[in-house]
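K.L.:
Would you be able to build a 3D model of this:
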Amino acid sequence: MENLQYHILLRAEPEGGYTVIVPALPCCITFGETVDEAIAMAREAVEVYIESLRERGEDVPTEEGYLEYRLTVEVPG
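P.N.:
Sure thing, here's the model as predicted:
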């Protein structure tokens, strides 16, 4: 069994709930009504995504080489 770790981003939606994206896995997006549900859905989505890649013989992306940084920009107001 291999343990992989991925950052996830949760965005609160105006109509309620949270959209979750996994930046290292293109198109791996899910949704949950609560933060806990969104995280659980993300875990399931990542597992299914990786399983699908392996079934097709494709490489599984990792976050190796990724840097995390928060960018602040000034915009005219």
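K.L.:
and residue 76, how many neighbours?
P.N.:
Residue 76 has 3 neighbouring residues, counting by other CB atoms under 10 Å. Where C-beta positions appear, they are placed from N, C-alpha and C, glycine not excepted.
K.L.:
Contact partners for the spatially most central residue of the chain?
P.N.:
Nearest to the mean C-alpha position of the chain, by CA atoms, centre = their mean, lies residue 22 at 1.6 Å. Shown in contact with residue 22 (CB atoms under 8 Å, 6 or more residues apart in numbering): 6-9, 28-29, 42, 45-46, 49.
K.L.:
where do the helices sit along the protein?
P.N.:
Taking DSSP state H as the criterion, the chain carries its helices at 35-55.
K.L.:
Okay, now the unreliable bits of this structure?
P.N.:
For the chain, no stretch has pLDDT under 70.
K.L.:
Now do the strands in it.
P.N.:
9-12, 18-21, 29-32 (DSSP state E).
K.L.:
returning to that earlier point: and the furthest pair within the contacts of residue 22?
P.N.:
Across the contacts of residue 22, the longest distance by CB to CB is 15.5 Å; it joins 9 and 49.
K.L.:
In terms of packing, which of those two has more residues around it?
P.N.:
Remark: of residue 9 and residue 49, residue 49 carries more neighbours, 19 against 12, as counted by other CB under 10 Å.
K.L.:
The more buried one contacts residue 30, doesn't it?
P.N.:
No - shown here, residue 49 and residue 30 do not form a contact pair, counting by CB atoms under 8 Å, at 9.8 Å.
K.L.:
quick revisit: which of the strands of the chain sits most buried?
P.N.:
Most buried of those, by mean neighbour count (mean count of other CB atoms under 10 Å): strand 18-21, with a mean of 19.
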